[in-house]
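Q: model the following, please.
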Amino acid sequence: MLKSLAPLIVFDLDGTLVDSAPDLVDTLNVILAREGHAPVSLEAGRKMVGSGARVMIRRGLESQGASVTDARLEEMFAEYLAYYEDHLTDKTVFYPGAEAALDRLTAAGWSLAILTNKYEKPAIKLVEALGARTRFKVIAGQDTFAVSKPNAGALFDTIDQAGGDRRQSIMVGDTITDVSTAQNAKIPVIAVDFGYADRPVASMNPDRIISHFDQLSGAVAVLKAGFSVAV
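A: Numbers count the residues shown, from 1 in each chain. So this is what the prediction gives:
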């Protein structure tokens, strides 16, 4: 008998499930200070988050009118990761309503997974520190598989590892990277408009947009109604 596959929702992490910008920006400021630069504000730093730590560091330097060689950027990136891993949840919290929304989805029969462009180890450590590790079948990072977002293969691998059904899966994210990943995989995608996108999420053409996690179950129900049940 073939094993039944589960309907699955795959979440991005930073800017989608959790507001991690305060810790990410604090870490950036530590790295900038080591280079002799002034800190960036949380408001300015939020606009630098969303495309990975390397890009964030480069944007932070540019805000100071500074630049570094590619070799030095890699050194700063390593320093960033080392400091950040010890300060993952100093200020990071789930977005309002996120945990209740996860409970509702689980009760409705959905399995849950995370696909982030964080490295896998700190991603798991962060979710564990927030007491939510057991909610997710898989927590995958940019180094978990041979490819990472926005490559569709990363999403397919996450779904497969979680025992999910590719025909009954949904992606939830906040940036063009997440939306493109789902679109590349031809999987429905819900975009949150409270994350770290550097452009309006409506311009990314996601299937649904939500402004609070209280709206997630309704958006999921709409997309589920359009799933193919062919075998």
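Q: in the top helix by length along the chain, what counts as buried?
A: In the chain, taking DSSP state H as the definition, the longest helix is helix 70-85. Within helix 70-85, the residues that count as buried by 16 or more other CB atoms under 10 Å are 76-77, 79-80, 84. Heads up, the C-betas are built off the backbone N, CA and C, glycines and all.
Q: export these to TSV and tack on distance to A101?
A: Shown next, in TSV, are the buried residues of helix 70-85 (distance: CB to CB, whole Å):
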residue	distance to A101
M76	36
F77	33
E79	36
Y80	31
Y84	26
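Q: could the residues you listed go into a markdown table alongside distance to Q64 and pLDDT?
A: A markdown table is the format used below for those (distance: CB to CB, whole Å; pLDDT from 0 to 100):
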| residue | distance to Q64 | pLDDT |
| --- | --- | --- |
| M76 | 13 | 96 |
| F77 | 17 | 95 |
| E79 | 17 | 97 |
| Y80 | 16 | 96 |
| Y84 | 20 | 95 |
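Q: which of these sits closest to L8?
A: Set against L8, the nearest of those by CB to CB is Y84 (28.5 Å).
Q: which stretches in this protein count as strands?
A: 6-11, 18-19, 93-94, 111-115, 138-140, 164-173, 189-192, 208-210 (DSSP state E).
Q: need the contact partners of the longest helix of the chain.
A: 23-24, 27-28, 30-31, 34-35, 53-54, 57-58, 68, 119, 121-122, 125 (CB atoms under 8 Å, 6 or more residues apart in numbering).
Q: got a ChimeraX select line for the buried ones in those residues?
A: Buried subset of the contacts of helix 70-85, written as a ChimeraX selection, criterion 16+ other CB under 10 Å:
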select :23,24,27,28,31,53,57,58,119,122,125
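Q: among the contacts of helix 70-85, which are in helices?
A: Short answer: the contacts of helix 70-85 in helices (DSSP H) are 23-24, 27-28, 30-31, 34, 53-54, 57-58, 121-122, 125.
Q: which members of those residues are the farthest-apart pair?
A: Pairwise over these, using CB to CB, the maximum falls at R58 and K125, 25.1 Å.
Q: can you tell me which residues contact A44?
A: Per CB under 8 Å, 6+ apart, neighbours of A44: S63.
Q: do T116 as well
A: 12-14, 123, 139-142.
Q: before we move on, what about Q142?
A: Applying CB under 8 Å, 6+ apart, the residues contacting Q142 are 116-120, 148-149.
Q: change it to 7 Å
A: For Q142, the contact set (CB atoms under 7 Å, 6 or more residues apart in numbering) comprises 117-119, 148.
Q: quick check: pLDDT value at it.
A: Among the per-residue scores, Q142 shows a pLDDT of 92.
Q: same thing with F136?
A: 98.
Q: ok, so what distance separates it from L17?
A: F136 is 10 Å from L17, where distance means CB to CB, to the nearest Å.
Q: for I9, same thing?
A: 11 Å.
Q: with neighbour numbers in mind, choose between those two.
A: Applying other CB atoms under 10 Å to I9 and L17 shows that L17 carries more neighbours, namely 30 against 26.
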